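*Asks:* Sequence first, then the predicted structure, then my questions.
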Amino acid sequence: MTASKKKISAGFAAALLFIGFLLPVIAFGLINAFFAEQKKVAEMREFAALADSAAQQLEPRCENAEFWCHELNRMFAETGKAGEFKTSLQKLADKHQQKISWILWDAGNRVIDKNITSQHTDAIWNRVGGILRSASEVWFRLMGRDDDAFIRSILGEHVQTKTFSRATFRSNPTLNSLSFSRPAGRFWADFNEHMGAIVIFPPGIDGKSHGIKEFLNGFDLNSTGIVLGNEEFFFSNMPDKTPETLASLKIDLADRTPEILHTQKEIYTGRYVGRNLFFCLFRPDTGRYSTNGNTLLFSAVLAFLWVLILNKIFHERLNTGLSIRYIVFGIITCSNIFPLLIMGILGQQYLEQKRHILIEEQRSEAVNFLKQIEGEFVAETHKIKNFAIKHINKLGEILQHESMSLENTGDFRKKMAQVSGKFMVVASTTIPTLSDAAFLGPEKSVLLGDENHQSLWFVETSDKETMDRIKLNETMSKCGAAFIAFYNGTSLSDQLLTEVEIIIEALFQAKLNATFHSFLRVLDHVENVGLGTEKHPTFMQFLSFNPVPTG
């Protein structure tokens with residue numbers, strides 16, 4: 001006796017279609033989309049990490065003087081003997097095709113090797129090595145006047161000899177200038193217990209791009225494109241990327257950095273490095289993250305399996321109820337397995353995200369701690385600023401009724417002695433001028449001292465050392481007077497203006513107007529103002545302005 005053909009109701013067929021086909025397809029599509037999104041996020045994170053890593057590698061290389069200083073510091077630390085350092089120095093010069101000159105001393109400050117073109121004898125260079133070694137052994141040791149004058153007569157009149165007391169340039173390492181008034185090149189020097197060395201570069205080293213080229217030689221350009229440039233340098237490993245393209249990308253990414261920019265064909269991310277260098281990484285956007293193809297393939301395979309199963313049900317004679325029962329059981333099992341599978345995957349991902357969140361919380365806590373320290377430093381700086389302004393205003397009230405003198409500034413100097421810093425008060429565009437070191441009066445100038453912040457005394461301008469300190473304060477007061485004249489729009493004598501311009505360019509390594517505009521930015525604001533190779537928190541304030549005419 002044969003079994004009758006199975007009859008399936010419309011409701012059962014709909015349930016079979018939903019549970020047996022649509023539900024697995026939807027579940028597969030969700031899981032596939034989820035993994036594709038995770039892969040996309042991971043690749044974008046990897047792409048951003050590559051840009052961050054490139055920015056870190058470029059940071060010490062984008063300024064050529066800093067690059068050479070870092071390289072020489074590294075070489076000097078790794079080599080223990082003068083012969084090894086000379087070999088490394090020659091290899092480095094040949095590698096970058098850069099002409100450099102050097103002098104090497106042994107531990108006894110005797111010249112053991114030099115390739116510098118000079119009329120000076122080894123005896124003179126031996127004395128130079130001894131002076132520089134003595135200066136490098138003590139932090140911020142001041143050279144004697146004779147030694148200072150001798151070093152300047154050999155290396156250049158504008159050499160900042162105090163830099164030899166920190167010869168490895170630990171703070172913002174860079175090469176030092178041999179002269180501010182003419183293209184005389186730059187130099188680097190360092191000493192240890194085994195040897196000493198000074199390396200001199202010809203003019204124009206700043207405008208070259210040895211550091212950037214070294215970075216590009218070590219960067220993998222096969223899978224990732226790069227375009228970078230500044231006012232003096234441009235590079236792209238793709239011919240269709242021009243300086244105009246870089247300028248356009250710089251505008252597009254100005255508000256998005258360090259985010260990733262998606263276009264129809266490529267993805268971009270950019271970073272700012274150093275003062276004026278911008279670079280952009282790019283990759284083709286291949287659309288590998290689309291899940292439609294995989295979902296359609298899974299649907300086709302599943303549909304084919306169901307065709308085979310239904311064909312067996314309707315066209316073959318099976319034992320009554322056996323096949324339907326197992327099919328229903330299988331469908332019920334699948335309807336439970338897929339949600340559990342999705343829940344398991346989502347749960348695993350939740351734990352992974354929780355792990356990343358905990359790591360990010362710890363990182364944020366560390367960053368917040370550093371910001372707290374920075375905030376406390378800023379708060380303390382402004383506290384000192386407000387303290388100083390309070391007493392500056394009191395001094396201003398006194399000066400409204402009488403001229404500044406040594407006597408009526410005593411209380412001001414006692415209060416300002418409590419502040420760890422320096423100050424200078426320039427009275428109008430003329431003397432008298434007051435600073436933490438001296439008082440410049442119309443008839444008598446004195447050098448001030450504060451012993452243990454207890455008693456104020458002054459030294460008459462008699463000996464040469466005192467006169468030098470007084471001249472230094474007179475020099476700075478001329479700069480202050482010129483700045484006041486610049487602000488008020490009043491004129492100065494050509495002789496004084498020329499003198500101030502030379503002083504400003506030597507001290508601040510910038511043109512007169514650029515320096516004065518830097519001064520304008522620190523009116524009532526604390527910022528770092530450069531003085532030679534150093535930068536100090538600085539603020540300025542006027543005691544009074546031009547009087548407002550009254551009707």
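*Replies:* Okay, I see it. Residues are numbered from 1 along each chain as shown.

*Asks:* Identify the residues contacting Gln57.
*Replies:* By Cβ atoms under 8 Å, 6 or more residues apart in numbering, Gln57 lies in contact with 215, 218. Any C-beta I mention is one placed from the backbone N, CA and C, and that applies to glycine too.

*Asks:* If we use 6 Å, what do you get?
*Replies:* Phe215 (Cβ atoms under 6 Å, 6 or more residues apart in numbering).

*Asks:* One more: the one 10 residues further on?
*Replies:* Phe67 is in contact with 61, 211, counting by Cβ under 6 Å, 6+ apart.

*Asks:* which residues are contacting the helix or strand hosting Phe304?
*Replies:* Assigned by DSSP states H and E, Phe304 belongs to helix 292-315. By Cβ under 6 Å, 6+ apart, the surrounding residues in contact with helix 292-315 are 24-25, 28-29, 32, 323.

*Asks:* Can you tell me which one of these sits lowest on pLDDT?
*Replies:* Across the contacts of helix 292-315, the smallest pLDDT goes to Ser323, namely 55.

*Asks:* For Arg127, give me the pLDDT.
*Replies:* pLDDT at Arg127 comes out at 91.

*Asks:* Quick check, pLDDT for the spatially closest residue to Arg152 that is not a sequence neighbour.
*Replies:* Counting by Cβ to Cβ, 6 or more residues apart in numbering, Val159 is the residue found nearest to Arg152 once chain neighbours are left out, at 5.6 Å. Note on Val159: pLDDT of 72.

*Asks:* Then Val159 would be within a strand, right?
*Replies:* No. Val159 sits outside any strand when classified using DSSP: H, G, I helix; E, B strand; the rest coil, being coil.

*Asks:* before we move on, back to that, most neighbours among the contacts of helix 292-315, which one is it?
*Replies:* When neighbours are counted by other Cβ atoms under 10 Å, Phe28 leads the contacts of helix 292-315 with 20 neighbours.

*Asks:* For Gly108, give me its contacts.
*Replies:* With Cβ under 6 Å, 6+ apart, Gly108 has no contacts at all.

*Asks:* tell me the secondary structure for it?
*Replies:* Of the three states, Gly108 takes coil according to three-state DSSP.

*Asks:* so where do the strands sit in the stretch 251-400 of the chain?
*Replies:* Counting by DSSP state E, counting those that start in this stretch, one finds strands in the stretch 251-400 of the chain at the ranges 261-262, 266-273, 277-284.

*Asks:* Take the contacts of helix 292-315 and keep only those in helices.
*Replies:* 24-25, 28-29, 32, 323 (DSSP state H).

*Asks:* so can I have a markdown table of these showing distance to Ala514?
*Replies:* Below are the ones in helices among the contacts of helix 292-315 laid out as a markdown table (distance: Cβ to Cβ, whole Å):
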| residue | distance to Ala514 |
| --- | --- |
| Pro24 | 71 |
| Val25 | 68 |
| Phe28 | 65 |
| Gly29 | 62 |
| Asn32 | 60 |
| Ser323 | 90 |
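
*Asks:* hmm, back to that, how many neighbours does the residue nearest to Arg152 have?
*Replies:* Residues contacting Val159 under the criterion other Cβ under 10 Å number 21.

*Asks:* so how far is Gly218 from it?
*Replies:* For Val159, the distance to Gly218 (Cβ to Cβ, to the nearest Å) stands at 34 Å.

*Asks:* try Tyr272
*Replies:* 21 Å.

*Asks:* higher neighbour count, those two?
*Replies:* Here Tyr272 and Gly218 are compared on neighbour count by other Cβ under 10 Å; more neighbours surround Tyr272, at 16 against 7.

*Asks:* for the stretch 1-150 of the chain, which spans come out with low pLDDT?
*Replies:* 1-9, 11-13, 15-16, 19-20, 138-142 (pLDDT under 70).

*Asks:* Quick one: the strands in it, in order.
*Replies:* 101-106, 111-114.

*Asks:* Run through the neighbouring helices and strands of the last one.
*Replies:* Helices and strands in packing contact with strand 111-114 are listed as strand 101-106, helix 122-136; criterion 3 or more Cβ pairs under 6 Å, 6 or more residues apart in numbering; DSSP states H and E.

*Asks:* what's it in contact with?
*Replies:* 82, 86, 103-106, 122, 125-126.

*Asks:* Pull up the pairing partners for it, direction included.
*Replies:* Sheet pairing for strand 111-114, assigned by DSSP bridges, gives strand 101-106 (antiparallel).

*Asks:* Would you mind putting the CA coordinates of the partner strand into PDB?
*Replies:* The C-alpha coordinates for strand 101-106 follow below in PDB (Å, rounded to 0.1, in the frame of the first residue of the first chain):
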ATOM      1  CA  SER A 101      83.600  69.800   8.200                       C
ATOM      2  CA  TRP A 102      84.700  68.500  11.600                       C
ATOM      3  CA  ILE A 103      87.300  68.700  14.300                       C
ATOM      4  CA  LEU A 104      87.800  65.700  16.700                       C
ATOM      5  CA  TRP A 105      89.600  66.000  20.000                       C
ATOM      6  CA  ASP A 106      90.800  63.200  22.400                       C
END
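
*Asks:* Quick check: buried residues in it?
*Replies:* 101-105 (16 or more other Cβ atoms under 10 Å).

*Asks:* Can you lay out the residues you listed as JSON lines showing distance to Gln509?
*Replies:* Conversion of the buried residues of strand 101-106 to JSON lines gives the following (distance: Cβ to Cβ, whole Å):
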{"residue": "Ser101", "distance to Gln509": "23"}
{"residue": "Trp102", "distance to Gln509": "25"}
{"residue": "Ile103", "distance to Gln509": "25"}
{"residue": "Leu104", "distance to Gln509": "29"}
{"residue": "Trp105", "distance to Gln509": "29"}
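
*Asks:* Tell me which two of those sit farthest apart.
*Replies:* Ser101 and Trp105 (14.5 Å; Cβ to Cβ).

*Asks:* quick revisit: export the helices and strands packed on strand 111-114 to a markdown table and append columns for distance to Phe235.
*Replies:* Below are these laid out as a markdown table (distance: least, Cβ to Cβ, whole Å):
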| stretch | distance to Phe235 |
| --- | --- |
| strand 101-106 | 29 |
| helix 122-136 | 38 |
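
*Asks:* For Phe486, find the nearest of the ones you listed.
*Replies:* helix 122-136 (36.2 Å).

*Asks:* Return the list of helices and strands in contact with the closest one.
*Replies:* Counting contacts by 3+ Cβ pairs under 6 Å, 6+ apart, helix 122-136 is packed against strand 111-114.

*Asks:* rewinding a little: how close does the residue nearest to Arg152 get to Ser179?
*Replies:* Counting by Cβ to Cβ, the separation of Val159 from Ser179 is 8 Å.
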